[in-house]
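*Asks:* This is a predicted model, with the sequence first.
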Amino acid sequence: MNSNQTDLHEQQVVENTENIDTTNTEQLLDFTNMFKTQKVAKPKLLNRQQQQQQQQQQQSQSQSQSQQTQSTEEQSNKSVQNTVPRNLTITQEKMSQRRCLDVRRWYSLSRPQYQRSCGISSVVTCWNYLFSTLGVGNLNPLSQEEVIVSLGLTSEVGPHFNDVEFGSFSGNMSLISWFKNLCRLHKVQGRAYFLWKNEGDFATPGVDRDVALQKLTAGLKTDKVSFIYHAYDHYFCPIGYECTPNKQVEAFADEIDYNDCQYWIIIAEPAKPYPMFTVRKWVDIAQDLELKYPQYMNIRKMDEGIKNYKYEKGVSQHCIMAFERIDPKPKKIIEKKEKPIIINEEVHLEKTNQLNQKVEINEQIHQNTEILDPLINNQLKQNDQL
């Protein structure tokens, strides 16, 4: 269709639109303009030099891409070949430095707890591990019910343990005093203290997340310390950890960079609606403990993120507490040593001289008796003859 024909077509369309009755809506819906043929711009023709340049550019681009893919494949192949660990020599002792879980801590877990009795249940867990046969001690294990009654939290005849308002009197200092009273009642020695508390009363200045992690992992490797983690509206006991290398090839390496690792903390859960273990990254636990009031984080529900308390005034009570067994010192048996008798040289000489003189006198007496005896006998014989 040439230009003259298109002009005639447009004039006819205009005339038709002028004659359209506007009262009739069906005639107003005209879509003829939508189906007009559009002029397509023709590509510009290139001369031979331009065509050659374009071909060269395309070839160079394709070559560079192929070289890059080959280089990446070669590097990946080389890395796999160069980093296949073989002839491993790692031992259990070395692995225990980065993975620690004493099952006796799990055996000592008081689970399930009563409603809101997580504080006293956690104290029982720590005490049983430190002093009972479930853990590393030699005493009979304690039940949480026995502890509740013996500490005077409620009477044996009274409301059900589920009806006791444990939350109204369970605090950080309450847990510490309960542990000390249990040690006093059962005639064992122990102490309790705050390992890491960021703010408020009994805060631990000089202890940051790195120092706290070092103390926590060192304590979990011994059998003298148990821990309680005060999280949002809950108490439970850390019982182990794992130091996971960030590099896959270091899974069974003899030596790893502990600064290039991810620490996971294994926490024993007394509440039965949750799994027996809650495992969280140390960085998340540290973030929870570093938050200042009114901000808080529920470590058991990480997907909820950071929230704010309704009241602006207050202090965060989140912390990690340590409960330690103090072994009695063995009595030293002191051997009595006889003191050597020191004699003065002069006194010693005098005594020896006296002894020598006595010996000489005795010898003289003996000689005299030998001489006198025959004389006396002769005298007696003469007297007899007379």
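*Replies:* Alright, I've got the coordinates. Residues are numbered from 1 along each chain as shown.
*Asks:* Which parts of the stretch 1-150 of the chain are helices?
*Replies:* Secondary structure of the stretch 1-150 of the chain (DSSP state H, counting those that start in this stretch): helices located at 3-18, 25-28, 48-82, 92-95, 103-107, 118-131, 144-150.
*Asks:* For those, which has the smallest mean pLDDT value?
*Replies:* Note on the helices of the stretch 1-150 of the chain: helix 25-28 shows the lowest mean pLDDT, a mean of 50.
*Asks:* Does residue 107 touch residue 133 like I think?
*Replies:* No - using CB atoms under 8 Å as the test, residue 107 is too far from residue 133 to be in contact (9.5 Å). C-betas here are computed from N, CA, C, even on glycine.
*Asks:* what's whichever strand or helix holds residue 228 packed up against?
*Replies:* Using DSSP states H and E, residue 228 sits in strand 225-231. On a contact count with 3 or more CB pairs under 8 Å, 6 or more residues apart in numbering; DSSP states H and E, strand 225-231 meets helix 118-131, helix 209-220, strand 234-245, strand 319-325.
*Asks:* how distant is the last one from the center of its chain?
*Replies:* Right, strand 319-325. The chain centre lies 12 Å from the centre of strand 319-325; the measure is CA atoms, centre = their mean, to the nearest Å.
*Asks:* Now it - C-alpha only, PDB.
*Replies:* In PDB, the C-alpha atoms belonging to strand 319-325 read as follows (Å, rounded to 0.1, in the frame of the first residue of the first chain):
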ATOM      1  CA  CYS A 319      22.100 -14.000  81.900                       C
ATOM      2  CA  ILE A 320      24.200 -17.200  82.200                       C
ATOM      3  CA  MET A 321      24.800 -18.500  85.800                       C
ATOM      4  CA  ALA A 322      27.400 -21.000  86.900                       C
ATOM      5  CA  PHE A 323      27.000 -23.600  89.700                       C
ATOM      6  CA  GLU A 324      30.200 -25.100  90.900                       C
ATOM      7  CA  ARG A 325      31.100 -28.000  93.100                       C
END
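*Asks:* That one pairs with which strands, parallel or anti?
*Replies:* Strand 319-325 has the following strand partners under DSSP bridges: strand 190-197 (antiparallel), strand 225-231 (antiparallel).
*Asks:* The stretch 251-386 of the chain: strands as residue ranges?
*Replies:* For the stretch 251-386 of the chain, the strands defined by DSSP state E, counting those that start in this stretch cover 261-268, 277-281, 295-297, 306-308, 319-325.
*Asks:* Now do the third one: everything it contacts.
*Replies:* The reference is to strand 295-297. Residues outside strand 295-297 that contact it (CB atoms under 8 Å, 6 or more residues apart in numbering) are 232, 284, 287-288, 291, 304-309, 316, 318.
*Asks:* what about 7 Å?
*Replies:* 232, 287-288, 291, 306-309, 316 (CB atoms under 7 Å, 6 or more residues apart in numbering).
*Asks:* which of those sit farthest apart?
*Replies:* 287 and 309 (16.7 Å; CB to CB).
*Asks:* filter the contacts of strand 295-297 to the buried ones?
*Replies:* Among those, the ones that count as buried by 16 or more other CB atoms under 10 Å are 232, 288, 291, 316.
*Asks:* The third one reaches residue 316, doesn't it?
*Replies:* Yes - counting by CB atoms under 7 Å, residue 291 sits close enough to residue 316 to count as a contact (6.3 Å).
*Asks:* what's the distance between the residue nearest to residue 130 when sequence neighbours are not counted and residue 183?
*Replies:* Of all residues not flanking residue 130 in the chain, residue 325 sits nearest, at 4.2 Å (CB to CB, 6 or more residues apart in numbering). Separation of residue 325 from residue 183 (CB to CB, to the nearest Å): 9 Å.
*Asks:* Now do the shared contacts for those two.
*Replies:* residue 190.
*Asks:* looking at the chain, which helix or strand is least sure?
*Replies:* Every helix and strand in the chain was compared by mean pLDDT, DSSP states H and E; the lowest is helix 25-28, with a mean of 50.
*Asks:* Any regions of this protein where pLDDT drops low?
*Replies:* Along the chain, the model assigns pLDDT under 70 to residues 1-47, 71-82, 335-353, 355-386.
*Asks:* how about 50 then?
*Replies:* 27 (pLDDT under 50).
*Asks:* what's near enough to touch residue 203?
*Replies:* Counting by CB under 7 Å, 6+ apart, residue 203 has contacts residue 197.
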